[in-house]
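A.B. asks: what follows is a predicted structure for the sequence shown.
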Amino acid sequence: MSIPLPTPVSSEVTLPRAFNWAALDKPTRALLLTRPTRARSAEITADVAHVLAQVRAHGDMALRDLTRRFDSVVLHAFAIPEADFIEAERRIDPLLRAAMVAATTRIEDFHKAGMTREYAVDTAPGVKCERILRPIDRVGLYVPAGSAPLLSTALMLGVPARLAGCEEVVLCTPPRADGSVDDTVLVAAKL
């Protein structure tokens, strides 16, 4: 099944790298200050809504089609088997793993220091006000993995989700050309 999607419009504008601001007219200055995503936000919102509608209507079949079309990869399964995590840990350099563990510890220390706590205060006779913390039950994390997989993103998103007590954490990342996931992203996800 091939899901019809809108044709993406290129947002690339060829401009020189340096400008003489004083020599530019007001419309050119405004154009240079316009962020491409802002200028195309309505179009992008419509494209995303269309993709979401396709996924809602066709589920995993739509996800497989989108992955084939956008990533040129045919996936048979979305979940990574536990054995792949074990193999990834075996394959990465031990010094890199040690650095990842150290980074995880630093991220935990930072977020623990900023975590709020529950408390109760009697604000008047018979009136007790409480702050109650409840984690989000499910959270989805996206880790970019194009030419440079961002294992740091997995750590920076995953550690706070774990500390918050989220029961279900789903991490998504684009597959490599062979359908596998970068070893460092798998190890970071496990940490």
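C.D. replies: Perfect, I can see it now.
A.B. asks: list the buried ones in the helix or strand where Asp109 lies?
C.D. replies: Secondary structure assigned from DSSP states H and E places Asp109 in helix 94-114. Neighbour-count burial for helix 94-114 flags 97, 100, 103-104, 107, 111 (criterion: 16 or more other CB atoms under 10 Å). The C-beta positions use only the backbone N, C-alpha and C, and glycine is treated the same way.
A.B. asks: quick one, phi psi at Arg138?
C.D. replies: The phi and psi values for Arg138, taken as degrees, to the nearest 10, are phi -130, psi 140.
A.B. asks: let me redo that: Thr123
C.D. replies: Dihedral angles for Thr123 - degrees, to the nearest 10 - are phi -90, psi -20.
A.B. asks: my read is that it contacts Glu130, right?
C.D. replies: No: Thr123 is beyond contact range of Glu130, at 10.4 Å (criterion: CB atoms under 8 Å).
A.B. asks: now render the buried residues of helix 94-114 as TSV, adding pLDDT and distance to Pro149.
C.D. replies: Formatted as TSV, those follow (pLDDT from 0 to 100; distance: CB to CB, whole Å):
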residue	pLDDT	distance to Pro149
Arg97	96	15
Met100	97	12
Ala103	97	15
Thr104	97	16
Ile107	96	18
His111	93	22
